[in-house]
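Student: Here is my input, please return the structure:
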Amino acid sequence: MNDRAASVLENYEIEVLRTWKGRGAILCESDRGLLILKEYTGSKDKIIFQDALLRCIRERGFLAVESILRTKEGELTVYDQDRTPYILKTYFDGKECNLREKKECLQAVKTLARLHQAACVELQDLPPFRQKMESGMDKEYEKHNRELKKVKKFLKDKSQKTDFEMFLLSNYDSFLKKALQIEDEVHTSQTEAKEPSCMVCHGDYQYHNIIVGDYGGNGKEEMAVINFEKCMRDNPVRDLYLFLRKLLEKNAWSQELGVLLLEAYQEERTLSPEDYKQLYYRLSYPEKFWKIVNFYYNSGKAWIPGRNMDKLEKLLAQEPEKVAFLEKYRSIYGG
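Tutor: So this is what the prediction gives:
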C-alpha cells in the first residue's frame, strides 16, 4: 500500500488486508469486504445528498448499490496530506455490462427501472444541494445551442479552414436548425406539463457503471449500479435516454431493439405520456453533433484528430436510420 492510501485509510474503522491500484482509484480488501478509495471532486452538500439517496434506495429494497463509508469522526469525505478529498465506498466484484449482449442490455434496462422505482423519493425528504442551473432539459439545450451558435460564428469568421472545418461548416445548418427546433418544442412542452414530485436520477447510467455478478449468493447473475457522483434532481428519463442512445448508436438505430428495450423498462416501471414525449425530445436533439463540435472547439485547433472527421462522417451516415427510428417511435409512443 502506498503512503498516501495508508494515511487516508487510517481514518476509517476497518482492517485493511491488501490494496491495489484500479482505474483512477485504489481498491481495498478489508474486513468490511471489497472497498474502493476515490478522489472526490464534488461539493459537501452533494455528497450528503448522494449518501441520503443511496440509503433510501437500499431501504426500499434495491440492495445492489454502493454505500459510502463514514470516517471515525462520522464524515463522508477525508483529506490526504495535500488536502485532496477522498471518499471510500463499497465495491462490487464482477464484469461490466456487455453492450454486445442483447440479454444483458435488456437486463440493464430492467435494473434501471427498478432503481428508478426505489429512487422515487419526495425531494423534500432528501437534503438540498446547489444544482447547476443547466441541468434541466430546457436549460441544458439552451446552453448547448448558445455554444453551437458561438462555434458556427467562429468557423465562418476563420480565414483559413482545415478540411474538417469546411466539412463541419457545410453540414452545420441542418443540425443547428434541428437543435433550435427541439429547444423551442421543449420550452412549450415544459410550460404546459405538470412537474412530477419525485425526480431523481443516477445521472451517468452507462455500461461501466453497471456491474454483473452473483450478488445474491444463489448462482444467478444480477446487476449492481455504482458511481452515483452525478446523481441529480431530474426526470429518470434522462438515465433511460443515455443508455438507449449509446446502445442504439452502436446498433444502427435498430427499431426492433429500441422497442424491446422500452418494453423491458415498462415491465418494471410505467412510463407516462409526458415521459415518452421527453424521451422523444432527448432522442431527437442532435447531441452527438454537439459533442463533436464541443470537443473540436475546446481542444487545440492547430491539430485536429482524424477521429473527429470519422465521427462526423459516421454521424451523417447514421442520420437517415435515426430519422426512421424517430418516426417509428412517434407512431408507437407519440412525441
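Student: who touches whichever strand or helix holds Glu256?
Tutor: Under the criterion of DSSP states H and E, Glu256 resides in helix 255-268. Helix 255-268 has contacts (C-beta atoms under 8 Å, 6 or more residues apart in numbering) with 102, 105-106, 109-110, 112-114, 117, 240, 244, 247-248, 251, 271, 324-325, 328-329, 332-333. Glycine gets a C-beta too; all of them are placed from N, C-alpha and C.
Student: quick one: buried residues of that helix?
Tutor: The neighbour-count check on helix 255-268 (16 or more other C-beta atoms under 10 Å) flags Gln255, Leu257, Gly258, Leu261, Leu262, Ala264, Tyr265 as buried.
Student: for it, the distance to its chain's centre please.
Tutor: Distance of helix 255-268 from its chain centroid, counting by C-alpha atoms, centre = their mean, to the nearest Å, is 19 Å.
Student: name the helices or strands packed onto the helix or strand just after it?
Tutor: Sequence order places helix 273-284 as the next helix or strand after helix 255-268, per DSSP H and E. Helix 273-284 is packed against helix 137-157, helix 172-192, helix 237-250, helix 306-333, with contacts defined by 3 or more C-beta pairs under 8 Å, 6 or more residues apart in numbering; DSSP states H and E.
Student: List the buried residues in the longest one.
Tutor: The one in question is helix 306-333. 308-309, 311-312, 315, 318-319, 321-322, 325-326, 329, 333.
Student: quick revisit: among the buried residues of helix 255-268, pick out the one closest to Ile182, please.
Tutor: The shortest approach to Ile182 among the buried residues of helix 255-268 belongs to Gly258, at 18.5 Å (C-beta to C-beta).
Student: Next one: that closest one from Leu247, what distance?
Tutor: The spacing between Gly258 and Leu247, counted by C-beta to C-beta, to the nearest Å, is 9 Å.
Student: now Leu257
Tutor: Distance, Leu257 to Leu247, using C-beta to C-beta: 7 Å.
Student: who touches both of these two?
Tutor: In contact with both Leu257 and Leu247: no residue, using C-beta under 8 Å, 6+ apart.
Student: picking that back up, restricted to buried residues, select the contacts of helix 255-268 in PyMOL.
Tutor: Provided next is the PyMOL selection string for whichever of those are buried by 16+ other C-beta under 10 Å:
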select buried, resi 105+106+109+110+112+113+114+117+240+244+247+248+251+271+325+329+333
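Student: and Val65, what does it touch?
Tutor: The contact partners of Val65, by C-beta under 8 Å, 6+ apart, come to Leu54, Ile57, Arg58, Leu115, Ala224, Val225, Ile226, Phe228.
Student: from the residues you listed, which ones fall inside strands?
Tutor: Of those, the ones assigned to strands by DSSP state E are Ala224, Val225.
Student: Top of the contacts of Val65 by number of neighbours, please.
Tutor: For these, the largest number of neighbours (other C-beta atoms under 10 Å) sits with Ile57, at 26 neighbours.
Student: I'm done for today, thanks for sticking with me.
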